[in-house]
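Engineer: Kindly generate the corresponding structure for this input.
(4 chains)
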2 protein chains.
Amino acid sequence: MDTTTLSALAEPNRLQIVELLREGPLTVGEIAETLQIRQPQASKHLRVLGEAGIVAAHADANRRIYQLRKEPFIQLDKWLASYRNIWEERLDSLDDYLKVLQKKDESQKDE
Amino acid sequence: MDTTTLSALAEPNRLQIVELLREGPLTVGEIAETLQIRQPQASKHLRVLGEAGIVAAHADANRRIYQLRKEPFIQLDKWLASYRNIWEERLDSLDDYLKVLQKKDESQKDE
DNA sequence: ATAAAATATTCCTTTACAGGAATATTCCTT
DNA sequence: AAGGAATATTCCTGTAAAGGAATATTTTAT
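Structural biologist: Predicted coordinates for the structure are as follows:
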């Protein structure tokens, strides 16, 4: 997993932007107004999101329309998939591990 | 989505810890040794992960065994699900939005 | 009781990053 | 060509957080 994706999403305002764009593309002004943040901050956050590949901009004359890109979400989904058996099968129980530890202790007594 | 989960995962060393624990529970020392980080840093990172609910500790005498908790991953999965149609259906095309914008422009001319 | 192992905590320093305010840039309109 | 919108960038400041080093804490072993 790429930490740039995660750290981009970890900032509250940016996460809100992403959740807002989930409903569809928006201009910078609309984003700033909806989220009650100043326009420069909106632009800065969109820059970070853009550099992380989470968002893409299309110029429409004066304005820039931002929309979500799908790739980072697909990546996140793939990454999460590798954890799915953690809550489905629960193979690696703590009990098993305790036994492993005890075996180690026993073998150390012989050294 | 909770940003504490995301920001906890956004730090590279912590993400590595999580990916390591995916294979099963481990002690602090094992984690530190495997990831080539100093023990205090490992403890600190595990603390953050614990406060985010990503990890749980079970005492075994001297050592503490850390393992992943499933809840945050389930949460992440649910959150991601709400984005799935973004890359599956792609309802909110940019073209549609451009038309909306143009309508707004036209209506403003009348004001 | 003492020493040693495993882990947690504290203090310090440095760095990254977010917000505010001002300004630059780009494009449209007239 | 000039003014105005929409957006981006820059500079500054404050703050949070990460790493290093030292130390505290807890538990075991002798």
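
Engineer: Leaving aside the residues adjacent along the chain, what's closest to the residue nearest the centre of chain A?
Structural biologist: Nearest to the mean C-alpha position of chain A, by Cα atoms, centre = their mean, lies residue A:6 at 3.7 Å. Spatial nearest neighbour of residue A:6, excluding adjacent residues (Cβ to Cβ, 6 or more residues apart in numbering or on different chains): residue B:10 at 4.0 Å. C-beta: built from backbone N, CA, C; applies to glycine.

Engineer: Quick check, that neighbour in contact with residue A:1.
Structural biologist: No. Residue B:10 is not in contact with residue A:1 according to Cβ atoms under 8 Å; the separation is 10.0 Å.

Engineer: Have a look at these two and say which one is more surrounded.
Structural biologist: residue B:10 (20 against 17; other Cβ atoms under 10 Å in any protein chain shown).

Engineer: list the contacts for the more buried one?
Structural biologist: Each residue near residue B:10 by Cβ atoms under 8 Å, 6 or more residues apart in numbering or on different chains is listed here: A:3, A:6-7, A:9-10.

Engineer: same thing but 7 Å
Structural biologist: A:3, A:6-7, A:10 (Cβ atoms under 7 Å, 6 or more residues apart in numbering or on different chains).

Engineer: Unless I'm misreading it, the residue nearest to the centre of chain A sits right up against residue B:9, doesn't it?
Structural biologist: Yes. Residue A:6 is within contact range of residue B:9, at 5.1 Å (criterion: Cβ atoms under 7 Å).

Engineer: how close does residue A:22 get to residue A:88?
Structural biologist: 26 Å (Cβ to Cβ, to the nearest Å).

Engineer: How about residue A:64?
Structural biologist: Residue A:64 is 42 Å from residue A:88, by Cβ to Cβ.

Engineer: Right, I'll call it a day here.
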